[in-house]
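Novice: attaching a predicted model along with its sequence, questions to come.
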Amino acid sequence: MAGDSEPESEVFEITDFTTASEWERFISKIEEVLNDWKLIGISSGKPLEKGVYTTGAWEEKLDEISFADFKFSITHHYLVQEPSDKDGKEELVEDALPLPMQDLLCMNNDFPPRAHCLVRWYGLREFVVIAPAANNDAVLSESKCNLLLSSISIALGNTGCQVPLFVQIHHKWRRMYVGECQGPGVRTDFEMVHLRKVPNQYTHLSGLLDIFKSKIGCPLTPLPPVSMAIRLTYVLQDWQQYFWPQQPPDIDALVGGEVGGLEFGKLPFGACEDPISELHLATTWPHLTEGIIVDNDVYSDLDPVQAPQWSVRVRKADNPQCLLGDFLTEFFKLCRRKESTDEILGRSAFEEEGKEVADITHALSKLTEPAPVPIHKLSVTNMVHSAKKKIRKHRGVDESPLNNEVLNTILLFLFPDAADKLADGFESRTSASAGNNPPPENEDYNLFSQFKSAPSDSLTYKLALCLCMINFYHGGVKGVAHLWQEFVLEMRYRWENNYLIPGLANGPPDLRCCLLHQKLQMLNCCIERKKARDEGKKGSVFDRSPGGTSGDNLDKEKEVGKSWESWSDSEEEFFECLSDTEDLKGNGQENGKKGGAKEGNKEPANIKPEGRLHPHGKLTLLHPGEPLYIPITQEPAPMTEDLLEEQSEVLAKLGTSAEGAHLRARMQSACLLSDMESFKAANPGCCLEDFVRWYSPRDYIEEEVVDEKGNIVIKGELSARMKIPSNMWVEAWETAKPVPARRQKRLFDDTREAEKVLHYLAVQKPADLARHLLPCIIHAAVLKVKEEEAVEDISSVKKIIKQIISHSSKVLRFPNPEDKKLEEIIAQIMSVEAIIARARSLKAKFGVEKCENEDEKEDLQRFVNCLLEQPEVSVLGAGRGPAGSIIHKLFVSAQRVSAVPPLDEELRRSGSSEERRLNTGAVSDFPLPTGREVILRTTVPRPAPYSKPLPQRMYSVLTKEDFRLAGAFSADTTFF
């Protein structure tokens, strides 16, 4: 056995000396990736259209390979193009150059404004880049560079791939690439030079031509003509001050109302600094032939004014300070504050004076004393001074965050009904202020329902704007806390003195609005009920139509039947009121036990009817045959969303048991019981069927039957659900006493609800307040942006505003939205403000509004809009067009303003050749070009005179601190 096992172990220990090295594995991996990406074989495509590098879509594929333990990323960059219909024919063309070599000579896409650097330098539509995977890794040594270059050369040769393959060498910030492209019998080498200091002979065209020709080394004489494309870029930085229209707000004139754009109730808008920092003018000579122009160290024909093509791009200021954005950001910071109002302002200003020595017996004084005489004049000033007095009791006199003038201005803005201090009747003022105008039915107004904020003409909305302005200009969080305290004091003052709150829609709380707005509406409902009760008046009543009401659906129209007698919730009072009906109730219940449902539910007809509104019309009581009267009923209690949520939680906790379901039904039937009692009081002798016929007609089924005499009669009965044993309606009917609405216990206890609202308002921290009102501020900001955009009419801004509205609707609809999402909304609004500010800056600089010629004005407006939306815009007519002449004047004025002696010194330091060329006067209106780009192209045979003529290209860029040469030199490899 041992002998048999030895050969097996020897097999596994055999060493294969033909195993591939790390270098071979690396090459194999490159080939594998090229195969996976289907880059093998002849590349084909349509000729490139003009500008396609900018307008077309670029995509990339990414993979990772490694050389031993050193990782590289390999990326395929390509322009997305429709497949060509002539692919088959193109493949048949003999000696066709690979597509990348054809691209080297294409002049349709020189100097693309937004593209990969290799696209700009070589004009390629497709290429593959191998670079170190880690940002801090770099291939520095020459031997490693050569090894990588050899690797890609072998991989291209093995696969037959015609896509150029580049390797990134040196540090990544230098953007140094070497590469190769192979075709049948041809090869193009991509080489690069990158220098910090520019040699003097390469600062002009003649020196670049010399190096290009020497590099080609063409054996032919004379050399074929070299095609040239030249671009000079000039930068304008020194804008004149009058070109920036935005004036900083005058804070001192705020209260005096001298500044129309910065008032309480309006958000500011615009940038405080110029949002356009630089204008870059690119003057281009796209098609020049060698010998047409002269550009050397002595003289230059390159006059920017005479350039056939001008294009402009603007550089935007990084995060320009904008007023609306600052307002939103500062207000949002309030949401993160932790302090309460009392901690910010000191001891609570809600404490009444002398509270320390107050006797507890005074707590009941308001119940026994007669109602106070109504005050016929509402004075905000008096209320403010009393509040100030309480605040000063615990602080220094001059420590109040808001001075009286600012505070009075705000309070009069919030409560315009208090502005009239003349002795004319207060009743007319309150009635006018309480009833709001019908809301305008437009999209902007109804935004509040999407944002869950508040209508733009409401008190809540105005309060949000005032708090936002105070937070920014008048004391920050202390000013906010102070105003909120005064606001809550005003709410209590109005509650105690029966003054309706202005700027709130009538009716129950609107659940589409924010919770704070709902609370104020609830307080207004309480004031309205209390006012009607204190004046001994009944509320407005209206008919409750039986049609359309079914089953347990109790959200029907209600009649208000309140009176001053029901002001208290005391059970003893109602016991006395109902004592005369106890025996009647007993009789009714006994009858109910003896008789059936129909007979037992009948009420004695000898009770005096009370609380009638008006006869129903057609209906009569089934048994006495008297007309059926619609009773005066109590209005259901208004609810805010937090109360509804609380109620639903309580009902849900009762569980699903029979007992829980029964208890839940009883809790939900309080309104039903009240209506039954009102109905019984208005219709003595009625039965449950009578009530159902009015209250829920679909639960009373009528059908035609033939009686004993053969006559057709209509017979009615309750629906099946009403006949279920222990039905809640039957139980409630048996329990109900004939009590008119005015003597019933209140369904809505306005005193308790008002105190709950006032307490809720009093305990709000500034952070809670900011959270409540942030939707209103975002709502106001969106309206402001829409208003400003309407003036400028920028299509891209319209799209962003729609996105903001859509995004905000999703985020703000739910309680407690995430801070990150709110910050995104604010950032979107700030970006729109910056775009509009840039548009205004450019319009001012190009004098769009001052232009008298309508056609030129439209052209300039279109030009400004394109500058905002596109990376680079061509100037129609170059330097001779309307936009070009304005740009020329801007440069001329900037040159005149700049100091001449320092400029001369700068030129002397930069070299005599530049100074001499400036002194020629050809470019005197413009500064020295910031960037010089030159593309040289030719087609020559290399390396021998009898070789195939192949494309040669060299790109040069010269800036103040950078000089780069990127060459693509092709050679015939058939015999070499």
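Specialist: Yes, it's here. Computed from a predicted model, the values in this text were never measured in an experiment.
Novice: assess the claim that Pro615 and Tyr629 are in contact.
Specialist: Yes: contact criterion C-beta atoms under 8 Å: Pro615 and Tyr629 qualify, at 5.6 Å. Where C-beta positions appear, they are placed from N, C-alpha and C, glycine not excepted.
Novice: which of those two has more residues huddled nearby?
Specialist: Just comparing Pro615 and Tyr629: by other C-beta atoms under 10 Å the higher neighbour count belongs to Tyr629, 21 against 13.
Novice: wait, is that one part of a strand?
Specialist: Yes: per DSSP: H, G, I helix; E, B strand; the rest coil, Tyr629 lies within a strand segment.
Novice: next one: it from Arg114, what distance?
Specialist: Tyr629 sits at a distance of 80 Å from Arg114 (criterion: C-beta to C-beta, to the nearest Å).
Novice: cool, Met491 as well?
Specialist: Met491 is 57 Å from Arg114, by C-beta to C-beta.
Novice: more neighbours: which of the two?
Specialist: Met491 (21 against 13).
Novice: so who does that one touch?
Specialist: Met491 is in contact with 501, 520, 523, 757-758, 761, counting by C-beta atoms under 8 Å, 6 or more residues apart in numbering.
Novice: nearest to Asp819 among those?
Specialist: Distance to Asp819, by C-beta to C-beta, is smallest for Leu761 among the contacts of Met491, at 24.3 Å.
Novice: test my guess that that closest one contacts Leu515.
Specialist: No: contact between Leu761 and Leu515 fails when scored by C-beta under 8 Å: they sit 11.2 Å apart.
Novice: quick one: secondary structure of the residue nearest to Ser970 when sequence neighbours are not counted?
Specialist: Leaving aside its sequence neighbours, Ser970 sits nearest to Leu950 (C-beta to C-beta, 6 or more residues apart in numbering; 3.6 Å). Three-state call for Leu950 (three-state DSSP): strand.
Novice: pLDDT weak spots in the stretch 851-976 of the chain?
Specialist: Counting by pLDDT under 70, the stretch 851-976 of the chain has low-confidence residues at 898-924.
Novice: do a quick rundown of the helices in it.
Specialist: Secondary structure of the stretch 851-976 of the chain (DSSP state H, counting those that start in this stretch): helices located at 854-869, 882-897, 900-910, 912-919.
Novice: and the angle for the second one with helix 854-869?
Specialist: Between the axis of helix 882-897 and that of helix 854-869 there is an angle of 70 degrees, by axes from the mean of the first three to the mean of the last three C-alpha atoms, to 10 degrees.
Novice: can you show me the CA trace of helix 882-897 as CSV?
Specialist: Written as CSV, here are the backbone C-alpha positions of helix 882-897 (Å, rounded to 0.1, in the frame of the first residue of the first chain):
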residue,chain,number,x,y,z
PRO,A,882,-24.4,92.9,-29.9
ALA,A,883,-23.2,90.6,-27.1
GLY,A,884,-19.7,90.7,-28.4
SER,A,885,-19.5,94.5,-28.4
ILE,A,886,-20.8,94.6,-24.8
ILE,A,887,-18.1,92.0,-23.8
HIS,A,888,-15.5,94.1,-25.6
LYS,A,889,-16.6,97.2,-23.7
LEU,A,890,-16.4,95.3,-20.4
PHE,A,891,-12.8,94.3,-21.0
VAL,A,892,-11.9,97.8,-22.2
SER,A,893,-13.4,99.4,-19.0
ALA,A,894,-11.6,96.8,-16.8
GLN,A,895,-8.3,97.6,-18.6
ARG,A,896,-8.7,101.3,-18.0
VAL,A,897,-9.5,100.8,-14.3
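Novice: and it, what does it pack onto?
Specialist: Applying 3 or more C-beta pairs under 8 Å, 6 or more residues apart in numbering; DSSP states H and E, we find helix 882-897 packed against strand 227-236, strand 276-289, strand 309-316, helix 854-869, strand 873-875.
Novice: apply 10 Å and report the result again.
Specialist: Helix 882-897 is packed against strand 227-236, strand 276-289, strand 309-316, helix 819-845, helix 854-869, strand 873-875, with contacts defined by 3 or more C-beta pairs under 10 Å, 6 or more residues apart in numbering; DSSP states H and E.
Novice: which one of the contacts of Met491 has the most neighbours?
Specialist: For those, counting by other C-beta under 10 Å, the largest number of neighbours falls to Leu523: 27 neighbours.
Novice: how close does it get to Pro766?
Specialist: Using C-beta to C-beta, one gets 20 Å for the distance from Leu523 to Pro766.
Novice: same deal with Ile804?
Specialist: Computed as C-beta to C-beta, the Ile804 to Pro766 distance reads 26 Å.
Novice: report the rounded mean pLDDT for the helix or strand encompassing Trp23.
Specialist: Assigned by DSSP states H and E, Trp23 falls within helix 22-36. Helix 22-36 carries an average pLDDT of 92.
Novice: next, count neighbours for the nearest residue to Arg125 once chain neighbours are set aside.
Specialist: Once flanking residues are discounted, Arg125 sits nearest to Leu79: 4.5 Å by C-beta to C-beta, 6+ apart. By other C-beta under 10 Å, 18 other residues sit near Leu79.
Novice: contact partners for Phe67?
Specialist: Neighbour list for Phe67: 22-23, 25-27, 29-30, 130, 139, 144, 147-148, 151 [criterion: C-beta atoms under 10 Å, 6 or more residues apart in numbering].
Novice: and those residues, which is closest to Lys799?
Specialist: In terms of C-beta to C-beta, no member of those lies closer to Lys799 than Ile130, at 39.4 Å.
Novice: and that closest one, how many neighbours?
Specialist: Neighbours of Ile130 using other C-beta under 10 Å come to 24.
Novice: next SSE after the strand or helix carrying it?
Specialist: Using DSSP H and E, Ile130 maps to strand 126-132. Under the assignment DSSP H and E, the closest C-terminal helix or strand after strand 126-132 is helix 142-159.
Novice: pretty sure Met192 contacts Tyr177?
Specialist: Yes: the criterion here is C-beta atoms under 10 Å, and Met192 meets it with Tyr177 at 6.1 Å.
Novice: hey, what's in contact with both of the two?
Specialist: With C-beta under 10 Å, 6+ apart as the test, Met192 and Tyr177 both reach 121, 166, 169-170, 966.
Novice: keep only those of the residues you listed that are in helices.
Specialist: Within the shared contacts of Met192 and Tyr177, residues falling in helices by DSSP state H are Trp121.
Novice: re earlier: ok, Met192 and Tyr177, which is more surrounded?
Specialist: Between Met192 and Tyr177, counted using other C-beta under 10 Å, Tyr177 has the larger neighbour count: 23 against 19.
Novice: from Val957, how far out is the residue nearest to that one when sequence neighbours are not counted?
Specialist: Closest residue to Tyr177 apart from its sequence neighbours, by C-beta to C-beta, 6+ apart: Phe166 at 4.5 Å. To Val957, Phe166 is 18 Å away according to C-beta to C-beta.
Novice: over to Leu407?
Specialist: Going from Leu407 to Val957 by C-beta to C-beta gives 62 Å.
Novice: where in the stretch 301-450 of the chain is pLDDT low?
Specialist: Across the stretch 301-450 of the chain (using pLDDT under 70), the flagged ranges come out as 347-400, 419-444.
Novice: a markdown table please, covering the helices and strands packed on helix 882-897 and showing mean neighbour count and distance to Gly476.
Specialist: Shown next, in a markdown table, are those (neighbours: other C-beta atoms under 10 Å; distance: least, C-beta to C-beta, whole Å):
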| stretch | mean neighbour count | distance to Gly476 |
| --- | --- | --- |
| strand 227-236 | 20 | 40 |
| strand 276-289 | 19 | 31 |
| strand 309-316 | 18 | 30 |
| helix 819-845 | 20 | 18 |
| helix 854-869 | 16 | 35 |
| strand 873-875 | 20 | 43 |
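Novice: could I get these as JSON lines with distance to Ile800?
Specialist: Compiled in JSON lines, the helices and strands packed on helix 882-897 are given as follows (distance: least, C-beta to C-beta, whole Å):
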{"stretch": "strand 227-236", "distance to Ile800": "28"}
{"stretch": "strand 276-289", "distance to Ile800": "19"}
{"stretch": "strand 309-316", "distance to Ile800": "15"}
{"stretch": "helix 819-845", "distance to Ile800": "5"}
{"stretch": "helix 854-869", "distance to Ile800": "11"}
{"stretch": "strand 873-875", "distance to Ile800": "20"}
